Structure formats: structure tokens, C-alpha cells
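Undergrad: requesting a structural model of the entry that follows:
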Amino acid sequence: MTSELPQPEPQHASLSLWDAVSIIVGIVVGVSIFKAPSIVFANVQTPLVGLAAWLLGAGIALCGALTYAELATLNRAAGGEYVYLMRAYGGWVGFLFGWAQLTGVFSGSIAQMAYVFADYARQWRGGVPNGVSDPGVWIAVLVILIITGVHICGVQTGKTVQNLLTLVKVAGLAGLLAIGFSSTAPESTASGPAEVQGPGFGLAMILVLYAFGGWNDSVFVAAEVRQPERNVPQALVIGLSIVAVLYLLVNLALLQGLGFHAARVSDAPAWDLVENASVLSPSAQQTGARAIGLLVMISAVGAVHGLIFTGSRLFAALGRDHSVFRLLGHWHPKTGSPVWSLAAQGLLAVLLTLTVGTVTGRVIVDTAATGLGGSPIPWQDYGGGFETLVAATAPVFWSFFCLSGLSLFVFRFRESLAHRPFRAPLYPVVPLAFCVSSGWMVWSSVTYAGWLALIAVVPLACGIPLFLLSKKRHWPELD
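TA: Okay, here's the model as predicted:
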């Protein structure tokens, strides 16, 4: 794509500025905000440092979103990073990206959200018997299997359920803020510095940026926004500003209602906030905590639902383009769903869940680590299913993020005359800031995960011989 002639705005560009803002906020605000704050606070010494981490995360997300906005409007073909990486570096990188999403990143995100559901479900049941190592794993597995089955049944069912779950998520956040700001913690939020209970600020940023995740999906609508040169950057700034304010309010509500020290040790902070709310009577505390817990569980189901829907479409495209994954590209003629893509994604999400949540799975990982010259994984240091899976998949996730950001520099150099409906502002500062941040996140996540990263890295490495065996069937249109 080197033509000097401007390309006309797509005929289907029908989204207004506020349509785009709504999409961005809806995608980014997920269930992780109900889980991540306690882990972030546990890895910093003071509340102000924790809040600063959320502000820094918003800035990094904005730089990344502006970078992706240019990539999205330059590369009109559907597929997001799959297309950017393939065009910038070659088909093998795009292949490995799709393979990594299937075997670790996307399937891992599904398992992570299922674990959030499991954590709150265990609170709902009043805890678990002593001696049970991790009963949440079976709850998480059941959630994945049920939601995968819903999608296999048909697309229309999925859309209806997703709309309902989004409304419930908004209601849960509103209720949490109202209770938190009307309560008083038994301790002061200005308590002295606390001892860091994890590896520190690096892990805090991993969780913060995980909570901001989704903006890379939201910018894919850039080509469908009217007057993208003006509306895309405005929508990104407004949308991510709304998300940042909302996330700060949630954290402030937790500090107000629980206090810093209580918030940082909570496994289910939203539940504990309501259960200890000073503004409520004892009976109302129990009722409210169960209501909030139920809303978080439903919101987690919504996150799993959305991830399963979108992920299966990426893997169906992978099956369309590569013969080795031909089966994944099959769509059922009656249900209108990529049944084999959904099945493979669900199976791998279950395997990841069992790997970190069962003794057998952990032994297998430990055996692999020691066989490669490493040491057994200190599983107790990773905080359970959700945090363990975030740590395991983060190195691969941020590596591809960094490569996607660097692809902008490749296109600027190689296709300097191409028409760009939107250009990242303050080039090269904004994309460079995102790439440097992503590189730091790669280093930080690898340092934290250590040999745990084998859970995602080994399957990624297996993708190399698969690519060599795969016969290219069809490349997507790239112009």
C-alpha cells in the first residue's frame, strides 16, 4: 500500500463520537476491577502509590490506544494485531500470534475470569472445608464449559445474554461506589507505609494494565467512525478518561470502606467492602454482600461470555488461513457458530485452569521446569488461580503488544506515502512511550513469572514447527 491517492471514507462509517466512546468504555470496564485492586495495594507501600499506579496505567493505555488507532485505520482488514504483525514482519509472526492467543493469552483470560467467578462463588457459599486445596478450580471449569456450550448453540443466544450481563455489571459498580463512599473504615486510609506482600510495583502495573485491557479491541472500530481524523482521538481520550476516573473511584471507595490494610489482604474486596460497611446494619451487610457478590459473579460470567465469543472468531480466521488449523475455520450451517474453534478454545481454557489449580497440573509444570534446568514453581507466591494465570501469560501477551506497537514504525518507514486517516499525535513520542512501556512490562512480567512462564512459552514454541507444516490456504485482503 504505497499509493499517494487518498482513500475514501468507508460507506459503512456510521458511528458517532459518543457511539465510539460508549464502545470503548463498555469493552474496557470488566470484572478485573473487582479483583485487581487488592493485589495492587498488596504490592505497594502506601495508598497514594497504588492510586498512582492506576493513573500511570491510564496513561500507558492511552498511548497504546492512539498507536493502535493509526494501525487500525491504515490496515482496514479485519483481524487486528493478526493483520498488523503479518504485514509488518511476515506470515509466521501473525501465525504465532494467533497460536499464542489460542494456547495461552485468550484461553488464559477466559480461565482468569472464570476464577474471579469462583472466588466470589466460594464467598457466597460461606467458604470451603479445610483440607480442600483449591475447590475453585472445578467451579471455574464448570463456568467455561457451560458458556462454551451456550455459544456453540448459536450466535443469537450469545448476543442476548451478553446485553443482559453488561447491564448487571454497571449496576454492580454503581452499588459498590454508593456503599463505599457512604461508609467509614475502621482504620485510617492515611496509615503509615505497609510491607510489600509481593514482588512490588512491577506486579502492581501488570494487574493495573490487565484491568485496562480491551482498548486494543475497541480501536478496531476506528474505520467505522465518522470523521475518524477528529473523532477517533477524541473518543479514545474521553473513553479512557472515563474508565480511569471510574477505576480511581472504585479504589477510593475500597479505601474509604475497608481501609488500606484490609483492602490489600482481601480475596474478594467488593464482597468484604459491603460486608463491613459501617453505613449498613448487620443484617443489611450480609444481604448486601451477597447481592454484590452475585453481581460480580454475573459480571464475571459476562466477561467469560465476551471473551469466548470474540476469541473463537480470531481462531476461525486462523483456520481459514492455515491448513493445519482447517477444522477451526468450520462454521456450523444451522447455529451459525464456529463450533470447532469454540470447542478448542474451551478445551484449552479448561486445561490452563486445571494446570494451575490442581496438584497434578502443578507437578507437570514443576517437572518441565526442572527438566529444563530450572527449579520447582513456588506456587504459594502467586496467590491462586487468577493471579497465577495472569503471571503465566503476561510475558507472551506483552511481547506481542510490543511487536504490534513497533509495527507502526515499520509502516511509517516502509509505507511513508500511504494515506493515513488518523496519525498518532506527537510522533514518535506517543508510540515510543507505548513501546518502551511494553518492553518494560515484558521484562517485569518475565522477572516475576520466572519458570511459571513455561505455561505459555512452551506452547508458543510448539507453534514454530506447526507453521512450517502448515500450507497457506488464503491470505486475508490487506489493502
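Undergrad: quick one, phi/psi of the residue most central in space within the chain?
TA: Most central in the chain under Cα atoms, centre = their mean is Gly213, positioned 4.6 Å from the mean C-alpha point. Note on Gly213: its backbone torsions stand at phi -60, psi 150 [degrees, to the nearest 10].
Undergrad: any idea how far it is from Ile60?
TA: 11 Å (Cβ to Cβ, to the nearest Å). To be clear about C-beta, it is placed using only N, CA and C from the backbone, and glycine gets the same treatment.
Undergrad: how close does the residue nearest to the centre of the chain get to Leu207?
TA: Distance from Gly213 to Leu207, by Cβ to Cβ: 10 Å.
Undergrad: find the residues that touch each one of those two.
TA: Ser32 (Cβ atoms under 8 Å, 6 or more residues apart in numbering).
Undergrad: need the longest helix for this protein.
TA: For the chain, the longest helix by residue count, based on DSSP state H, is helix 282-321.
Undergrad: for the helix or strand that that helix is followed by, packing partners?
TA: On the C-terminal side of helix 282-321, the closest following helix or strand by DSSP states H and E is helix 339-357. On a contact count with 3 or more Cβ pairs under 8 Å, 6 or more residues apart in numbering; DSSP states H and E, helix 339-357 meets helix 106-124, helix 136-153, helix 282-321, helix 359-371, helix 385-414, helix 454-469.
Undergrad: list the contacts of Met441.
TA: Met205, Ile206, Leu209, Ala394, Trp398, Phe401, Cys402.
Undergrad: what pLDDT is listed against Arg125?
TA: pLDDT recorded at Arg125 is 67.
Undergrad: sorry, slip of the keys, the one I care about is Trp475.
TA: 46.
Undergrad: double-check that Pro376 belongs to a helix.
TA: No - per DSSP: H, G, I helix; E, B strand; the rest coil, Pro376 lies outside any helix segment and is coil.
Undergrad: what sits against it?
TA: Neighbour list for Pro376: Asp366, Ala369, Thr370 [criterion: Cβ under 8 Å, 6+ apart].
Undergrad: kindly report the same for Cys402.
TA: Cys402 sits next to Cys435, Ser438, Gly439, Met441, Val442 when contact means Cβ under 8 Å, 6+ apart.
Undergrad: give me the neighbour count for the second one.
TA: Neighbour count of Ser438, defined by other Cβ atoms under 10 Å: 24.
Undergrad: find the nearest non-adjacent residue to it, please.
TA: Nearest residue to Ser438 in three dimensions, chain neighbours excluded: Cys402, at 3.7 Å (Cβ to Cβ, 6 or more residues apart in numbering).
Undergrad: now do the third one
TA: Ranked by Cβ to Cβ, 6+ apart and with sequence neighbours excluded, the top spatial neighbour of Gly439 is Cys402, at 5.4 Å.
Undergrad: what distance do you get for that neighbour to Gln256?
TA: 37 Å.
Undergrad: same check on Asp267?
TA: From Asp267 to Gln256 the distance is 20 Å (Cβ to Cβ).
Undergrad: next one: Leu454
TA: 41 Å.
Undergrad: then Gly450?
TA: Separation of Gly450 from Gln256 (Cβ to Cβ): 36 Å.
Undergrad: Ala424 now?
TA: Distance from Ala424 to Gln256, by Cβ to Cβ: 38 Å.
Undergrad: again with Ala36
TA: 18 Å.
Undergrad: what are the contacting residues of stretch 456-473?
TA: Under Cβ under 8 Å, 6+ apart, the answer for stretch 456-473 is 91-92, 95-96, 99-100, 103-105, 108, 320-326, 368, 392-393, 395-396.
Undergrad: so Ala394 sits right up against Ser445, yeah?
TA: Yes - in this structure, Ala394 is within contact of Ser445 by Cβ atoms under 8 Å, at 3.7 Å.
Undergrad: for the stretch 151-300 of the chain, which spans come out with low pLDDT?
TA: For the stretch 151-300 of the chain, the stretches flagged by pLDDT under 70 are 154-167, 186-192, 196, 198, 217-224.
Undergrad: can we see that at 50?
TA: Applying pLDDT under 50 to the stretch 151-300 of the chain flags the ranges 158, 188-191.
Undergrad: Val279 contacts Ala185, doesn't it?
TA: No - applying Cβ under 8 Å, one finds Val279 not in contact with Ala185, separated by 11.6 Å.
Undergrad: which residue of those two possesses the greater neighbour count?
TA: Ala185 (22 against 16).
Undergrad: list the contacts for that one?
TA: Contacts of Ala185 (Cβ under 8 Å, 6+ apart): Leu255, Gln256, Gly257, Leu258, Gly259, Ala262, Ser278.
Undergrad: in three-state terms, label it for me.
TA: coil.
Undergrad: once you drop chain neighbours, what's closest to it?
TA: Gly259 (3.5 Å).
Undergrad: neighbours around the one you found, how many?
TA: Neighbour number of Gly259 under other Cβ under 10 Å is 20.
Undergrad: still on that earlier bit, just give me the least confident of the contacts of Cys402.
TA: Met441 (90).
Undergrad: thinking again about what came up before, what about the helices and strands packed on helix 339-357, which gets the closest to Thr73?
TA: The closest of those to Thr73 is helix 385-414. By Cβ to Cβ, the value is 11.3 Å.
Undergrad: what comes up buried for that closest one?
TA: Of all the residues in helix 385-414, those buried under the rule 16 or more other Cβ atoms under 10 Å are 385-409, 411-412.
Undergrad: and the angle for that helix with helix 359-371?
TA: 50 degrees (axes from the mean of the first three to the mean of the last three Cα atoms, to 10 degrees).
Undergrad: give me the distance between helix 385-414 and the centre of its chain.
TA: 12 Å (Cα atoms, centre = their mean, to the nearest Å).
Undergrad: after that helix comes which helix or strand?
TA: Proceeding C-terminally, helix 385-414 gives way to helix 429-449 as the next helix or strand, assigned by DSSP H and E.
Undergrad: how far off centre is that following helix?
TA: Distance, centroid of helix 429-449 to centroid of chain: 16 Å (Cα atoms, centre = their mean).
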